[in-house]
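Visitor: When you get a sec, could you give me coordinates for this:
(one chain, ligands or ions: 1)
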Amino acid sequence: MRDVAIIGGGLVGLCAALVLQHPRRRVAIIEATAPGQLQNQGLNARSLALSASSAQIFRALGIWPQIEASAAPIRHIHVSVRGRWGVTRLRAADYDLDALGYVIENGALSRCLLQAVRACDNISVEHGAEFESLAQDATVSIEYRKNDRGRRLEAHLALIADGARSRAREALGICHRTVDYGQSVVICNAEFSEPKIDTAYERFTPQGPLAMLPLGSKRYACVWTLDPQQAAQVMALADPEFGARLQDCFGFRLGLLERVGARFSAPILRTSAERLRRERCLLVGNAANALHPVAGQSFNLSLRDIACLYELLIDQDLASLDGDQFTSIAAEYENLRAREQRQVIRYGDGLVTLFSNELPLFDHARAAGLGVLDLLPALKTQAAFAGMGLSFGGNRLLRGHL
Ligand SMILES: Cc1cc2nc3c(=O)[nH]c(=O)nc-3n(C[C@H](O)[C@H](O)[C@H](O)COP(=O)(O)OP(=O)(O)OC[C@H]3O[C@@H](n4cnc5c(N)ncnc54)[C@H](O)[C@@H]3O)c2cc1C
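Guide: Down below sits the predicted model:
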């Protein structure tokens with residue numbers, strides 16, 4: 001019997017294990033893939049932006065030094081609209097912070113988390129373990145398959161962290177809503193001749209936003225939103241032609257684009273579960289909310305969800321809780337998180353609507369909006385703190401201690 005079972009050992013499942021474990025709790029993770037599958041490195045790596053709130057949570061867990069060693073700080077953010085004068089700049093120093101956020105390769109983050117998980121005797125990870133079904137009564141009973149053999153795991157609490165197409169969510173009968181933004185994202189890394197190593201760029205174009213995030217030295221992670229036809233076109237180009245299109249869209253703020261890495265494209269969808277709980281099972285990560293990548297918020301939001309769960313469960317002996325007590329903790333979790341999740345979803349949707357609309361009126365409005373924002377420190381601070389995940393109220397982990 002385990003105290004906590006986590007279905008899905010992706011970035012969020014691993015974080016959840018580290019947050020919820022303590023010496024008297026036994027935690028088990030079941031993960032379908034073999035270890036170390038996020039291996040793409042260098043120019044071909046995939047990466048994500050960690051907000052200041054995520055850094056704070058990792059500090060509380062004592063694993064920030066390892067993560068920081070592989071992460072590139074964002075000390076400046078430059079937001080502009082292609083072909084317009086409106087620009088806004090955010091600077092970490094204005095908020096007394098070392099960085100507004102950090103960019104890290106998914107593979108490097110996953111390795112740090114896995115290493116930390118392996119250092120905890122009370123967390124077990126089963127790789128190559130495919131979730132099949134679950135049943136709930138006084139405990140949660142999880143059936144999974146490993147090496148062609150059916151196995152079972154019992155736990156007092158289960159976290160569902162198996163991603164946007166969650167099978168476990170489906171097994172619980174929890175419906176989800178998918179919003180198709182009618183856009184696609186093209187992702188690649190690029191090297192520039194005049195890098196500004198701690199500056200991130202968000203550039204809004206009529207086709208959609210283009211983010212250029214610093215990865216250290218000359219390397220930037222590019223997240224380029226386009227309509228699906230244009231995405232298919234640029235994906236079909238050879239590297240030199242693709243580089244020229246990207247340079248034309250982004251401009252010359254970082255000098256000449258010298259090299260691009262492997263490209264990847266996918267339709268942009270948002271998937272939200274209609275509820276976050278059923279009896280002893282709670283949804284976290286992409287299984288709960290998989291958001292549009294433009295705002296770079298899904299993982300950061302999930303970490304704050306888990307930080308909230310930490311606070312609710314900190315003094316609880318999970319083995320001694322009856323069904324009603326679980327229900328009331330789960331309901332509190334859902335209530336506490338609903339407002340912030342809605343706000344973050346609205347923020348992402350708002351950015352897509354405002355910055356992807358080709359009507360000239362919108363074009364002037366967004367340029368003027370950025371110009372005005374740059375002149376209004378209070379408003380800018382509010383926007384910056386929302387982006388950093390620091391404006392949603394605190395809990396122990398967000399304050400940086402356990
Ligand atoms: C282009 C792009 C850019 C992004 N940028 C950012 C960013 O800058 N900042 C940010 O906060 N977020 C960002 N995100 C979102 C972020 O990547 C996700 O929020 C995060 O990776 C979700 O992690 P997860 O563990 O919930 O889900 P997943 O990464 O999908 O992991 C789910 C895990 O469950 C396992 N699994 C699935 N099915 C089963 C099964 N049946 N049995 C056992 N295991 C199973 C999978 O193998 C996987 O390991 C971005 C996303 C994209 C697409």
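
Visitor: Just give me the neighbour total for Gly296.
Guide: If you count neighbours by other Cβ atoms under 10 Å, Gly296 ends up with 22. Any C-beta I mention is one placed from the backbone N, CA and C, and that applies to glycine too.

Visitor: How about Thr33: what's its closest non-neighbour residue?
Guide: Nearest residue to Thr33 in three dimensions, chain neighbours excluded: His127, at 6.7 Å (Cβ to Cβ, 6 or more residues apart in numbering).

Visitor: For the residue of the stretch 201-350 of the chain at minimum distance from the ligand, give me its contacts.
Guide: In the stretch 201-350 of the chain, no residue comes nearer to the ligand than Gly285, which is 2.3 Å away by Cβ to the nearest ligand atom. Applying Cβ atoms under 8 Å, 6 or more residues apart in numbering, we find Gly285 in contact with Gly8, Gly10, Leu11, Val12, Gly13, Ala16, Ala161, Gly163, Ser298, Phe299, Ser302.

Visitor: and the one residue in the stretch 101-250 of the chain that gets nearest to the ligand, how many neighbours?
Guide: Per Cβ to the nearest ligand atom, Gly163 is where the stretch 101-250 of the chain lies closest to the ligand, at 2.8 Å. Neighbour count of Gly163, defined by other Cβ under 10 Å: 20.

Visitor: Now do the nearest residue to Asp198 once chain neighbours are set aside, the pLDDT please.
Guide: What sits nearest to Asp198 in space, not counting adjacent residues and going by Cβ to Cβ, 6+ apart, is Arg75, at 4.0 Å. You'll see Arg75 listed with a pLDDT of 93.

Visitor: I'd guessed Arg75 sits against Ala99; true?
Guide: Yes: assessed by Cβ atoms under 8 Å, Arg75 is found in contact with Ala99 at 5.5 Å.

Visitor: Need the overlap of contacts for the two.
Guide: The contact lists of Arg75 and Ala99 share Ala92, Asp198, where a contact means Cβ under 8 Å, 6+ apart.

Visitor: from the chain's centre, how far out does the longest helix belonging to the chain sit?
Guide: Counting by DSSP state H, the longest helix found in the chain is helix 323-355. Centroid separation for helix 323-355 versus its chain: 15 Å, with Cα atoms, centre = their mean, to the nearest Å.

Visitor: what's the answer for stretch 175-195, then?
Guide: 13 Å.

Visitor: ditto for stretch 274-283
Guide: Per Cα atoms, centre = their mean, the centroid offset for stretch 274-283 relative to its chain is 20 Å.

Visitor: just to revisit the earlier point, look at the residue nearest to Thr33 and report its pLDDT.
Guide: For His127, pLDDT reads 94.

Visitor: for it, which residues make a bridge with it?
Guide: Glu31 (DSSP bridges).

Visitor: Just to check, it is in contact with Leu14?
Guide: No: in this structure, His127 is not within contact of Leu14 by Cβ under 8 Å, at 11.8 Å.

Visitor: Run through the residues of the protein sitting next to the ligand.
Guide: Residues of the chain found near the ligand, taking Cβ under 6 Å from any ligand atom as the criterion, are 7-13, 30-33, 48-49, 130-131, 161-163, 167, 185, 187, 223, 285-286, 293, 296-300, 302.

Visitor: change it to 5 Å
Guide: For the chain, the contact set with the ligand under Cβ under 5 Å from any ligand atom comprises 8, 10-12, 32-33, 48-49, 130-131, 162-163, 167, 187, 285-286, 293, 296, 298-300.

Visitor: what element comes up after the longest strand along the chain heading to the C-terminus?
Guide: The longest strand of the chain (DSSP state E) is strand 176-192. Scanning forward in sequence from strand 176-192 by DSSP states H and E, the next helix or strand is strand 199-205.

Visitor: what stretches of this structure score poorly on pLDDT?
Guide: 36-44, 82-86, 294-295, 350-394 (pLDDT under 70).

Visitor: Can you give me every residue that contacts the residue most central in space within it?
Guide: The chain has Phe299 as the residue nearest its centroid, 2.0 Å off, counting by Cα atoms, centre = their mean. Applying Cβ under 8 Å, 6+ apart, we find Phe299 in contact with Leu11, Val12, Leu48, Leu50, Ser54, Gly285.

Visitor: which ones among those are found in helices?
Guide: Cross-referencing the contacts of Phe299 against helices under DSSP H gives Leu11, Val12, Ser54.

Visitor: Now those residues in CSV, please, with extra columns for neighbour count and distance to Glu279.
Guide: Converted to CSV, these look like this (neighbours: other Cβ atoms under 10 Å; distance: Cβ to Cβ, whole Å):
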residue, neighbour count, distance to Glu279
Leu11, 21, 26
Val12, 26, 21
Ser54, 28, 29
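
Visitor: Would you format those residues as a markdown table with distance to Leu276 included?
Guide: Output for these, formatted as a markdown table (distance: Cβ to Cβ, whole Å):
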| residue | distance to Leu276 |
| --- | --- |
| Leu11 | 18 |
| Val12 | 13 |
| Ser54 | 20 |
